[in-house]
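*Asks:* okay, predicted coordinates and the sequence, questions at the end:
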Amino acid sequence: MALEYCRTLNFHGALYEVACECRDGARREASDLDGAPSWRSAPANTNDVAELVVDVECETGERWTGAFSADYIESLTSKTGNYKALGTFARMLSGALDGTADSVFVDLLTARDLEQLRARKRGSTVSTTDAPLPTDRRYLIVTYAAEFDRVHYPLPLDAETQPSRASLARQLRRCRARLQERQHQPKGDDADVPWAECARRLRASRAEADQLRERVAQLERAPRPRSSSRSVKGRAAGALRAENARLRRELSSRSASADGRAAARRVGAELEAERRITAALRRDLAASRAECRRLRRARDLSR
């Protein structure tokens, strides 16, 4: 028997679709997943190899894939001191993908990210002089957090530039399964829309936007009636002239008002100066009159 599981996740700001297929082969390894939620039946493989196949596709179209035999999974888990059979590991992986397992987490790293993770575990740093690391490979890291320990299970995934026949068959089967699920959903129910559907809607929206831009460009290139253009220009010119005249009148009135205020200030200053001079002359006249009276009294006394 064979069972498959698919989930869309966000890794480091990008959407990825992670699909897992567990094949039991002659060892019946997938029997542990029979009846597990989110796992659905898949066509049985034609050989007797028990394995876990992982396909990862980014929203940009990049794909990575890896096939891991039961022996590989057992060896990988045994090296960490926490042995897991193929079916148990697949159940643990699905729990990490859908978030139902509290102690299991999953992440997607590059080769450089994985080396930095290993260096931190050793308490050292990654040397820049080491041999160059592959840039097209990704690692699906399954982390099991125990009470006093944290165990990492890296699953290497190779870039799939030329999909194999088996990979295309898996993609087609998943697309058909999503289509059937979509057909059974009530109309208008957009809950849990797969990212591929969102991408399709986005492409349709962009195509519609391109059509609208082309239509606007055609309208802008289309010749306009001259009479209408001239009338519009004439009305605009008339309005501009009227506005200019209004502004000139306003400027003139403001200038006249400013000149009047300046003249008033000058006249006021002159009047104030005249007042000060008049007051000074009056004081001098009073002093002269007082001096004349004093001189008359002195003359009269001398007779």
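*Replies:* Arrived safely, thanks for sending.
*Asks:* does residue 10 count as helix, strand or coil?
*Replies:* strand (DSSP: H, G, I helix; E, B strand; the rest coil).
*Asks:* give me the beta-bridge partners of it?
*Replies:* residue 15 (DSSP bridges).
*Asks:* and it, how far is that from residue 122?
*Replies:* Distance, residue 10 to residue 122, by C-beta to C-beta, to the nearest Å: 29 Å. Where C-beta positions appear, they are placed from N, C-alpha and C, glycine not excepted.
*Asks:* between these two, who's got more neighbours?
*Replies:* residue 10 (10 against 7; other C-beta atoms under 10 Å).
*Asks:* buried set for stretch 59-78?
*Replies:* By 16 or more other C-beta atoms under 10 Å, the buried positions in stretch 59-78 come out as 59, 63-70, 73-74, 76-77.
*Asks:* and which of those is nearest to residue 273?
*Replies:* residue 59 (87.7 Å; C-beta to C-beta).
*Asks:* do you know how far that closest one is from residue 13?
*Replies:* For residue 59 relative to residue 13 (C-beta to C-beta), the value is 11 Å.
*Asks:* show me the shaky parts of the stretch 1-150 of the chain.
*Replies:* 1, 25-48, 124-132 (pLDDT under 70).
*Asks:* how about the helices in the stretch 1-150 of the chain?
*Replies:* Per DSSP state H, counting those that start in this stretch, the stretch 1-150 of the chain carries helices over the ranges 70-79, 86-98, 111-122.
*Asks:* and of the ones you listed, who's closest to residue 173?
*Replies:* The nearest among these, by C-beta to C-beta, is helix 86-98 at 17.6 Å.
*Asks:* same for that closest one, what does it pack against?
*Replies:* The contact analysis (3 or more C-beta pairs under 8 Å, 6 or more residues apart in numbering; DSSP states H and E) places helix 86-98 against strand 2-11, strand 14-23, strand 51-58, helix 70-79, strand 104-110, strand 138-145.
*Asks:* what angle sits between it and strand 14-23?
*Replies:* 160 degrees (axes from the mean of the first three to the mean of the last three C-alpha atoms, to 10 degrees).
*Asks:* how about helix 86-98: buried residues?
*Replies:* Buried, per 16+ other C-beta under 10 Å, within helix 86-98: 86-87, 89-97.
*Asks:* now the angle from that helix to strand 2-11?
*Replies:* Per the same axes, to 10 degrees, the angle that helix 86-98 makes with strand 2-11 is 30 degrees.
*Asks:* let me have the buried residues of stretch 59-78 in CSV, extended by distance to residue 108.
*Replies:* Shown next, in CSV, are these (distance: C-beta to C-beta, whole Å):
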residue, distance to residue 108
59, 13
63, 13
64, 9
65, 13
66, 12
67, 17
68, 16
69, 22
70, 23
73, 18
74, 23
76, 17
77, 20
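*Asks:* determine which two of those are furthest apart.
*Replies:* Longest span within the buried residues of stretch 59-78, C-beta to C-beta: 59 and 74, 33.6 Å.
*Asks:* format the buried residues of helix 86-98 as CSV; extra columns: distance to residue 110.
*Replies:* Shown next, in CSV, are these (distance: C-beta to C-beta, whole Å):
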residue, distance to residue 110
86, 26
87, 29
89, 23
90, 24
91, 27
92, 23
93, 20
94, 24
95, 24
96, 19
97, 19
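*Asks:* relative to residue 112, which of those residues is nearest.
*Replies:* The closest of the buried residues of helix 86-98, once distances to residue 112 are taken by C-beta to C-beta, is residue 96, at 22.4 Å.
*Asks:* model confidence over stretch 289-303, on average?
*Replies:* For stretch 289-303, the mean pLDDT works out to 73.
*Asks:* actually stretch 151-168, sorry about that
*Replies:* The model assigns stretch 151-168 a mean pLDDT of 88.
*Asks:* for the remainder of this discussion, apply numbering that starts at 206.
*Replies:* Right, with 206 as the first residue, what we last looked at is stretch 356-373.
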